[in-house]
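K.L.:
How does the following fold in three dimensions:
(one chain, ligands or ions: 1)
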Amino acid sequence: MTQPLGGYQNEIYLHGLADQVPPCTTDATRLADSAREILEPGPFWYVEGGAGSGATMRANREAFDKWRIVPRMLRDAAARDVSTTVLGAQLPAPVLLAPIGVQSIVHADGELATARAASELGVPMVLSTASSNTIEDVAKANGTGPRWFQLYWPNDPDLCISLINRAAKAGFSTLVVTLDTWSLAWRPNDLDHSYLPFLRGIGTAIPFSDPVFRSGLADTPENDTPMAVLKWVQTFTGSDRNWEALPFLREHWDGPIVLKGIQHVDDARRAADAGMDGIVVSNHGGRQVDGAIASLDALPAIANAVGDRLEVLFDSGVRTGADVFKAIALGAKAVLIGRPFVWGLAHAGEAGVRHVVRSILAEFDLTVALSGYRSVAELTPDALARGC
Ligand SMILES: Cc1cc2nc3c(=O)[nH]c(=O)nc-3n(C[C@H](O)[C@H](O)[C@H](O)COP(=O)(O)O)c2cc1C
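P.N.:
Predicted structure coming up:
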């Protein structure tokens with residue numbers, strides 16, 4: 001067996017003997033506080049903020065606190081293996097990096113740093129359509145690492161085909177289609193700072209480098225950025241779809257397709273009926289519908305209803321190894337880490353992403369072992385109790 005992921009703990013302590021400390025805190029619940037000290041208000045709040053009053057963001061965290069792990073003893077858990085396989089990707093732990101757009105607003109290396117760190121750890125990165133780097137450059141930085149592509153479904157079918165063809169050609173194995181952000185929600189933090197990076201031509205690298213998108217412009221995005229931005233807005237916002245549109249994606253994408261943003265059991269069933277390979281139970285980190293159900297509260301019923309028909313992934317509110325444990329025990333096959341790795345990026349670029357992700361993996365591994373379990377498959381609702 002290879003070195004357990006929890007071994008990162010020993011590495012940190014040993015580095016301490018040479019007076020080295022980690023680039024940022026090992027407690028992801030505290031990362032936003034220190035990131036606030038190093039970022040301008042616009043970028044900080046773009047990452048940290050949610051929709052409306054922030055009620056759903058808070059609910060996402062509170063839902064985790066309502067569940068408690070019940071540790072078991074004398075179960076020979078020293079030798080454990082928390083690796084798993086999701087849609088053909090082998091993962092060191094049931095963890096992926098969520099699609100997060102415009103990463104260059106927190107660090108100049110943006111998605112390239114994330115791609116390098118993810119590759120080194122063998123953790124799949126999900127590249128956002130709203131990336132600040134092109135599909136091809138991110139693929140190059142990611143090398144032989146596992147990578148998935150997240151689609152914001154443009155209202156131009158030719159552009160859609162072009163984007164997903166580019167992703168397939170660049171080695172992205174799974175298509176993640178985000179359904180909950182066909183229009184931007186009311187986000188007071190961004191409104192109060194009048195800050196939307198896309199309008200500044202940030203987070204537009206993928207369409208701006210696309211031949212189909214460029215062919216629809218009178219001048220290049222480099223020469224006339226405002227016109228290109230205007231077309232970007234018209235192409236990527238304001239068009240909701242319906243279930244009948246899904247065969248179009250199946251027709252043009254050969255690999256697995258995952259629908260992101262599912263919160264209702266009936267929608268999960270429809271995804272399975274439509275032959276989708278997976279779903280992400282997600283409320284976009286509370287950034288879309290304020291007052292919406294906590295994503296973790298939606299998870300158990302959805303996992304019960306469709307867990308045997310497609311892969312149920314989960315995000316929104318995951319901060320710690322214990323959170324990963326709880327989501328897996330409640331039926332998720334794997335979780336997506338969102339804001340924490342972006343804070344790592346903000347603190348120290350590639351090294352910061354690596355540190356934050358390794359910390360969460362290590363804490364998960366130690367939590368599994370110290371709770372008396374030896375594999376991800378053993379984590380079921382029996383491992384949990386309702387807290388207060
Ligand atoms: C700054 C930021 C940008 C995001 N960009 C995208 C995106 O481009 N595509 C997408 O599907 N989800 C995007 N998301 C949502 C994440 O994929 C994920 O659902 C969310 O971060 C989970 O919530 P959490 O970070 O609170 O755990 C973004 C989230 C944040 C915080």
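
K.L.:
drop to CA atoms for contacts and neighbour counts, all remaining ones
P.N.:
Fine.

K.L.:
which stretches of the stretch 251-388 of the chain form helices?
P.N.:
Applying DSSP state H, counting those that start in this stretch to the stretch 251-388 of the chain gives helices spanning 265-273, 295-306, 321-329, 339-370.

K.L.:
If you count contacts, what does the second one end up packed against?
P.N.:
Helices and strands in packing contact with helix 295-306 are listed as helix 55-65, helix 265-273, strand 278-281, strand 311-314; criterion 3 or more C-alpha pairs under 8 Å, 6 or more residues apart in numbering; DSSP states H and E.

K.L.:
Please render the helices of the stretch 251-388 of the chain as CSV that adds distance to G255 and mean neighbour count to the earlier fields.
P.N.:
Formatted as CSV, the helices of the stretch 251-388 of the chain follow (distance: least, C-alpha to C-alpha, whole Å; neighbours: other C-alpha atoms under 10 Å):
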stretch, distance to G255, mean neighbour count
helix 265-273, 16, 18
helix 295-306, 20, 21
helix 321-329, 24, 24
helix 339-370, 26, 25
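
K.L.:
Take these and write them to TSV, including distance to D240 and mean pLDDT.
P.N.:
Shown next, in TSV, are the helices of the stretch 251-388 of the chain (distance: least, C-alpha to C-alpha, whole Å; pLDDT from 0 to 100):
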stretch	distance to D240	mean pLDDT
helix 265-273	15	98
helix 295-306	21	98
helix 321-329	29	98
helix 339-370	26	98
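
K.L.:
Select, out of the ones you listed, the one closest to F198.
P.N.:
For those, the distance to F198 is smallest for helix 339-370, at 17.7 Å, taking C-alpha to C-alpha.

K.L.:
got the angle between that closest one and helix 321-329?
P.N.:
If you take axes from the mean of the first three to the mean of the last three C-alpha atoms, to 10 degrees, helix 339-370 sits at 80 degrees to helix 321-329.

K.L.:
same for helix 339-370, what does it pack against?
P.N.:
Counting by 3+ C-alpha pairs under 8 Å, 6+ apart, helix 339-370 packs on helix 8-16, helix 31-38, helix 41-48, helix 110-121, helix 321-329.

K.L.:
separation between the closest residue to R166 other than its chain neighbours and the ligand?
P.N.:
Leaving aside its chain neighbours, R166 sits nearest to I135 (7.2 Å; criterion: C-alpha to C-alpha, 6 or more residues apart in numbering). Between I135 and the ligand the distance is 13 Å, computed by C-alpha to the nearest ligand atom, to the nearest Å.

K.L.:
same thing with F364?
P.N.:
16 Å.

K.L.:
Now for the residue nearest to that residue when sequence neighbours are not counted: which residues touch it?
P.N.:
Computed as C-alpha to C-alpha, 6+ apart, the closest residue to F364 that is not its neighbour in sequence is G321, at 3.7 Å. By C-alpha atoms under 8 Å, 6 or more residues apart in numbering, the contact set of G321 is I360, L361, A362, E363, F364, D365, T367.

K.L.:
JSON lines for the helices and strands packed on helix 339-370, including distance to W253?
P.N.:
Below are the helices and strands packed on helix 339-370 laid out as JSON lines (distance: least, C-alpha to C-alpha, whole Å):
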{"stretch": "helix 8-16", "distance to W253": "38"}
{"stretch": "helix 31-38", "distance to W253": "37"}
{"stretch": "helix 41-48", "distance to W253": "30"}
{"stretch": "helix 110-121", "distance to W253": "22"}
{"stretch": "helix 321-329", "distance to W253": "28"}
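
K.L.:
I'd like to know which of those helices lies nearest to L74.
P.N.:
Smallest distance to L74 across these (C-alpha to C-alpha): 19.4 Å, for helix 321-329.

K.L.:
Can you tell me what sits against stretch 256-273?
P.N.:
Contacts with stretch 256-273, where a contact means C-alpha under 8 Å, 6+ apart, come from 87, 173-180, 250, 276-284, 293, 295, 298-299, 301-302, 305-306, 309-310.

K.L.:
mind putting the helices of the stretch 251-388 of the chain in CSV, distance to A167 included?
P.N.:
Shown next, in CSV, are those (distance: least, C-alpha to C-alpha, whole Å):
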stretch, distance to A167
helix 265-273, 22
helix 295-306, 28
helix 321-329, 28
helix 339-370, 22
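
K.L.:
For S131, find the nearest of those.
P.N.:
helix 339-370 (12.9 Å).

K.L.:
what angle separates the closest one from helix 41-48?
P.N.:
Orientation note: helix 339-370 sits at an angle of 40 degrees relative to helix 41-48 (the same axes, to 10 degrees).

K.L.:
what's the angle from helix 339-370 to helix 31-38?
P.N.:
Using the same axes, to 10 degrees: helix 339-370 against helix 31-38 is 150 degrees.

K.L.:
Nearest the geometric middle of the chain, what residue?
P.N.:
Nearest residue to the geometric centre of the chain (C-alpha atoms, centre = their mean): A98, 1.0 Å.

K.L.:
Where does W148 fall, secondary structure wise?
P.N.:
Per DSSP states H and E: W148 is located in strand 147-151.

K.L.:
Buried residues, whichever helix or strand comes after that strand. List them.
P.N.:
As assigned by DSSP H and E, the chain's next helix or strand after strand 147-151 is helix 157-169. Within helix 157-169, the residues that qualify as buried are L159, C160, I161, S162, L163, I164, R166, A167, A168, counting by 16 or more other C-alpha atoms under 10 Å.

K.L.:
Please list the residues outside helix 157-169 that contact it.
P.N.:
Outside of helix 157-169, the residues within contact range by C-alpha under 8 Å, 6+ apart are 135-136, 149, 151, 153-154, 206-207, 210-213, 252-253.
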